[in-house]
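> predicted model follows, preceded by the sequence.
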Amino acid sequence: MTDLTNQVAIVTGASRGIGRAIATLLAVQGAKVVCVARSEDELLEVAQKTNGLPVVADVCDERDAQLVVSETLSRYGRLDIVVCNAGVGSFNLLENFSAEEWDRMFDVNVKGTFLLCKAALPHLKEQQRGHIIGIASDVSKRTFVHGTAYGASKYAQHAVLDALRKEARPYGIKVSVIYPGLVDTHFNEAKPGGVDKEKTHLQPLDVAQAVRYVLEAPAHVVVDELMLHPVTQEW
Ligand code: NAP
């Protein structure tokens, strides 16, 4: 089993929802966590709780992605884990989507994943070790009405990471992708909590536990993919 104590982990979208739960759980396991998001106040709160390093950054911006990696290396001297979790989504009939909304989803969900992996890879390759985890979605593998733009962005994020697994394997770098079903977060301006949500939705901690499982696999094992749903959700 891989010990997470003192492992250095970047977690994007750490200000709330799934990313916050991942950052918190990794810190509990003894990892040093670099918390990334745009909302400074929420980020500072999470960083304080996890004794981590807050980096206010927009994952769509290449200079910000480079900054996240350079701040990590200058604070901790190494980088072991990269969790590409930041994501946005909205849902509508195709003809009602604006081109701007399409671009926003692809910028955050696809380009954001690409840019952070690009910034981190030279360091992971040099040390011949590392673990990249993407938080994709079950809709990376199925389509649904109102899901043209979000689903396309999540299929694309899955494709980026799937191909990267093949590129990175010769360097000893693992790439794992998690595909959650419904999760009770602020996603798409939802309000977490409320009647029966614990029955109809996963909790952010459920996804964080999946990330922990994947990261703790023995050194010779890579969990390529892990999909999880609430029992009540038909897939
Ligand atoms: P959430 O509660 O809305 O959190 C989204 C996080 O992403 C926030 O921390 C947000 O922080 C960050 N973020 C958004 N745009 C960003 C940007 N440009 N730069 C940096 N950070 C950015 O949603 P969530 O449910 O936790 O979503 C996390 C991931 O899980 C997403 O990739 C989503 O696609 C995936 N997922 C969610 C569900 C679900 O049902 N909730 C299901 C499957 C997969 P700031 O706004 O502070 O920047």
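Alright, I've got the coordinates. Numbering: from 1, shown residues only.

> check whether the helix or strand of the chain with the lowest mean pLDDT comes near the ligand.
In the chain, no helix or strand scores lower on mean pLDDT, DSSP states H and E than helix 197-200, which sits at a mean of 91. No - using C-beta under 6 Å from any ligand atom, helix 197-200 never reaches the ligand; the gap is at least 10.7 Å. C-beta coordinates here come from the backbone N, C-alpha and C atoms, glycine included.

> now for the top helix by length along the chain, which elements pack on it?
Longest helix in the chain, counting residues (DSSP state H): helix 148-168. Using 3 or more C-beta pairs under 8 Å, 6 or more residues apart in numbering; DSSP states H and E, the elements in contact with helix 148-168 are helix 99-106, helix 112-127, strand 130-135, strand 173-180.

> packing partners for the shortest one?
In this structure, strand 130-135 packs against helix 17-28, strand 81-84, helix 112-127, helix 148-168, strand 173-180, helix 204-215, with contacts taken as 3+ C-beta pairs under 8 Å, 6+ apart.

> ok, how many other residues are close to Ser74?
Using other C-beta atoms under 10 Å, Ser74 has 9 neighbouring residues.

> could you do Ala99 as well?
7.

> which parts of the protein sit against the ligand?
12-13, 15-19, 37-39, 58-60, 85-89, 108, 135, 137, 180, 182-183, 185-187.

> just the buried members of those?
12-13, 15-19, 37, 58-60, 85-89, 108, 135, 137, 180, 182-183, 185, 187 (16 or more other C-beta atoms under 10 Å).

> let's see which of the residues you listed end up in helices.
Per DSSP H, these map to helices at Gly17, Ile18, Gly19.

> which among these gets closest to the ligand?
Gly17 (2.3 Å; C-beta to the nearest ligand atom).

> isn't the closest one right next to Phe187, touching?
Yes - counting by C-beta atoms under 8 Å, Phe187 is a contact partner of Gly17 at 6.4 Å.

> who's in contact with the spatially most central residue of the chain?
Central residue of the chain (C-alpha atoms, centre = their mean): Asn85, 1.7 Å from the mean position. Applying C-beta atoms under 8 Å, 6 or more residues apart in numbering, we find Asn85 in contact with Val11, Thr12, Gly13, Ala14, Ile18, Gly19, Ile22, Gly134, Ile135.

> now for the second one: which residues touch it?
By C-beta under 8 Å, 6+ apart, the contact list for Thr12 reads Gly19, Val36, Ala37, Val59, Val68, Val83, Cys84, Asn85, Ala86, Gly112, Leu116.

> cool, the last one as well?
In this structure, Ile135 makes contact with Gly13, Ile18, Gly19, Ile22, Val83, Cys84, Asn85, Gly87, Ile178, Pro180, Val207, Val211, judged by C-beta under 8 Å, 6+ apart.

> with pLDDT added, can I get the residues you listed in JSON lines?
Below are the contacts of Ile135 laid out as JSON lines (pLDDT from 0 to 100):
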{"residue": "Gly13", "pLDDT": "98"}
{"residue": "Ile18", "pLDDT": "98"}
{"residue": "Gly19", "pLDDT": "98"}
{"residue": "Ile22", "pLDDT": "98"}
{"residue": "Val83", "pLDDT": "99"}
{"residue": "Cys84", "pLDDT": "99"}
{"residue": "Asn85", "pLDDT": "98"}
{"residue": "Gly87", "pLDDT": "98"}
{"residue": "Ile178", "pLDDT": "98"}
{"residue": "Pro180", "pLDDT": "98"}
{"residue": "Val207", "pLDDT": "98"}
{"residue": "Val211", "pLDDT": "98"}
